[in-house]
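Colleague: My questions are about this predicted structure, shown below with the sequence.
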Amino acid sequence: MNVIVCIKQVPNTTDVKIDPVTNTLIRDGVESVINPFDAYAIEEGVRLKERFGGKVTVISMGPPQAENALKEAISLGCDEAVLVSDRKFAGSDTWATSYTLSCAIKKVGNYDIILCGKQASDGDTAQVGPGISTHLDIPQVTYVKKIEDIKDNKARVDRMTEEGYDVLETPLPCLLTVVKEINTPRMPSLKGMMKAKSAQVAKWNAGDIEADPKSIGLDGSPTRVVRIFTPPPRKGGEIIKGETSQIAQELVQLLKDIVI
Amino acid sequence: MASSITVILNKCTGCTLCVRSCPFGAISMANKKAVIDMAKCTLCGACVTTCKFSAIELKKDSPQGAPKDLSAYKDVWVFCEQKKGVIQTISFELLGEGKKLAKKLGVKLCAVILGHNIEAKIEELSHRGADKIYVVDDPALKAYLDDPYTEVLVNLVQEYKPEIILCGATVIGRSLVSRVAVKIDAGLTADCTGLDIDEKEKLLLQTRPAFGGNIMATIITPNHRPQMATVRHKVMKEAEIHKGHKAEVIRKKFPGASLKSRTTLLDIVEEIEETVNLAEADIIVSGGRGLGSPENFSVVKELAKVLGAAVGSSRAAVDAGWMPYSHQVGQTGKTVCPKLYVACGISGQIQHLIGMQSSKVIVAINKDPDAPIFKVATYGIVGDVLEIVPALTKEFKKVLKK
């Protein structure tokens, strides 16, 4: 079972603070971490390797410092790591990002399952996973909360829905995007940390993955950001004080129009 | 030539306005001049508009060669999601918003519905204001599957050429249109909370939150059609019902072989304990660790029952095993924006706030007056959640005569 896990390095959202004067994000000292949903994808990849053998290759597209995220993935049990990095990728939207990652995956080759987190915590689009599977023309299942079984070159998985879950069977190779419920990620082992220290992360640029220059970066992106702004922060309202029964009566009066 | 961004050094005064404007932390000052770190820059142009001295120049190439002829693309489409033959309410919200956009562009509003034995649903969409309804009725489309749904939508788009497609930011919607957009080289913007038309350029302006709502971005698709967007629940107003309204109906058939699916649906399991779906709920009552024990969650459930609300939960209560994950609100759970959100015994960590701070009215009940939840609450009550929530339930029962 050869697994490819796609990860993204994102700012740690617990650290995101807004400058009260300029109303913009304070980036200084914000730590970069593996996107929380990708941590579940890494764990699931490593578990598949433990169940069925094979290897786990982890890929990230991003700036040079994303190498740290890849090394962390190795400390968590991934075998090989690839950083896809090039200034030409700047300005990529989800179309161009999924195209670029699909080119890198083709270069890795020989995979059975591709795992992605359901979405990244900075962009929140959930579009890159399905984009990759479409560029590669392989089946996908999104929002996977359990891989029940894999046999006869088919995977049986549970996809989370708004009401519960669907049980689906998909032939391999396939792409799965995973949700938090799928597992509890392990901590890096000492052995893993040693391995990560000496691990060589392969570095591929646009030429290495034979990407069509017209389909990458800003030029390959159908969408354009025209404006970025900070919404006015929500202000706290009034605190209702008094005896419990008094509070309840007052609040019910205030909310009556919404509730009825 | 590729796109590029440059600081014109003799115009830069070192005022640092651009440094603060950059959402990606890519600009720093060196020798009192702005320096852009290209590894971090996404060419978004936020600094260009901020600079008062026109010292930053952004050259954007038109993507993928010369602009294509886009005039063949007309009409606003709404992908209407059905489950077990029931049209999801997000579709009515999109028809309401789609009508406004179609009016501004002077084009038709069209509904698209895929399913099996859905003939009876056509009238419902007609009453919601659709001018045209595309219907594909086939046993292979009974429940959602990626392959046949993608195939049908791609074919319809290629034949009828809409300029805009709106779809709910649901599990199905996000999976489906992500595939369609890649197949037809279209631009797709996720999770929009605001849509408008640029009157001059006739472009769809798509506004969406990023970084968990800490910043907003407006996105356009200048040179590709259709312009596609998924839209969050409960942000747009539902289309009104006009019983007399009649739409033109176009029924399409597809050969069975083209509707083949590589994945097979073996079972559909419904496991939400309460009957109300979180994403579609107008009111959500949520509980957290402040309730003290899993048994005490019953006070939250009782209030929800009286209000006809969905039950939500903080991550802490889910991790403690008090509630199933499907009820979790927040960064690693669901993002919701109901008309009323009642947080009971939830302290309001940033990851929780990200998932609910766009709710219209927020009520917070917590014993700690310094809990961050009070910073976003419209109405706050400092006190014992086990005393106040049952009192609220009792009072609502009286008013609602339940």
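Modeller: Looks like it came in fine.
Colleague: those helices in chain B, which residues are they?
Modeller: Assigned by DSSP state H, the helices in chain B fall at B:17-21, B:46-50, B:89-105, B:121-127, B:146-160, B:171-183, B:297-307, B:315-319, B:350-356, B:385-400.
Colleague: Report whether stretch B:31-44 contacts chain A.
Modeller: Yes - using CB under 8 Å from any CB of the partner chain, stretch B:31-44 reaches chain A at B:Met38, B:Ala39, B:Lys40, B:Cys41, B:Thr42, B:Leu43, B:Cys44. C-betas here are computed from N, CA, C, even on glycine.
Colleague: To clarify, my last question referred to stretch B:130-149.
Modeller: Yes - using CB under 8 Å from any CB, stretch B:130-149 reaches chain A at B:Ala143, B:Asp146, B:Asp147.
Colleague: Give me the buried subset of those residues.
Modeller: B:Asp146, B:Asp147 (16 or more other CB atoms under 10 Å in any protein chain shown).
Colleague: Let me know the closest of the residues of stretch B:130-149 next to chain A to chain A.
Modeller: Among the residues of stretch B:130-149 next to chain A, B:Asp146 lies closest to chain A (CB to the nearest CB), at 5.9 Å.
Colleague: Looks like the closest one contacts B:Val180 (just checking).
Modeller: No - look at B:Asp146 against B:Val180 with CB atoms under 8 Å: they stay out of range, at 10.2 Å.
Colleague: Output the below-cut-off pLDDT ranges for the stretch 201-350 of chain B.
Modeller: Scanning the stretch 201-350 of chain B for pLDDT under 70 picks out B:272-276.
Colleague: ok, how many other residues are close to B:Val269?
Modeller: Look at B:Val269: counted by other CB atoms under 10 Å in any protein chain shown, it has 11 neighbours.
Colleague: Name the nearest residue to it, ignoring sequence neighbours.
Modeller: Excluding the flanking residues, the one nearest B:Val269 by CB to CB, 6 or more residues apart in numbering or on different chains is A:Gly164, at 4.6 Å.
Colleague: How many residues are close by the one you found?
Modeller: Neighbours around A:Gly164, by other CB under 10 Å: 14.
Colleague: Can you name the residues that contact it?
Modeller: Residues in contact with A:Gly164 (CB atoms under 8 Å, 6 or more residues apart in numbering or on different chains) are B:Ile268, B:Val269, B:Glu270, B:Glu271, B:Ile272, B:Ser326.
Colleague: do A:Val225 as well
Modeller: Contacts for A:Val225 (CB under 8 Å, 6+ apart) come out as B:Thr42, B:Cys44, B:Gly45, B:Ala217, B:Thr218, B:Ile219.
Colleague: Am I right that it is in a strand?
Modeller: Yes - counting by DSSP: H, G, I helix; E, B strand; the rest coil, A:Val225 is part of a strand.
Colleague: Not counting residues beside it along the chain, what's closest to it?
Modeller: Nearest to A:Val225 is B:Cys44, by CB to CB, 6+ apart, at 4.3 Å.
Colleague: The one you found and B:Pro23 touch, don't they?
Modeller: Yes - B:Cys44 lies in contact with B:Pro23 (CB under 8 Å); the separation is 6.9 Å.
Colleague: if I pick residue 125, what's in contact with it?
Modeller: All of this is about chain A. Per CB under 8 Å, 6+ apart, neighbours of A:Thr125: A:Thr94, A:Gln119, B:Ala190, B:Asp191.
Colleague: Hmm, no, I was thinking of chain B.
Modeller: B:Cys80, B:Ile87, B:Ser91, B:Leu95, B:Ala111, B:Ile113, B:Ile133, B:Ala247.
Colleague: Do you know the pLDDT at the first one?
Modeller: pLDDT, B:Cys80: 98.
Colleague: who does it bridge with?
Modeller: Beta bridges link B:Cys80 to B:Ile113, judged by DSSP bridges.
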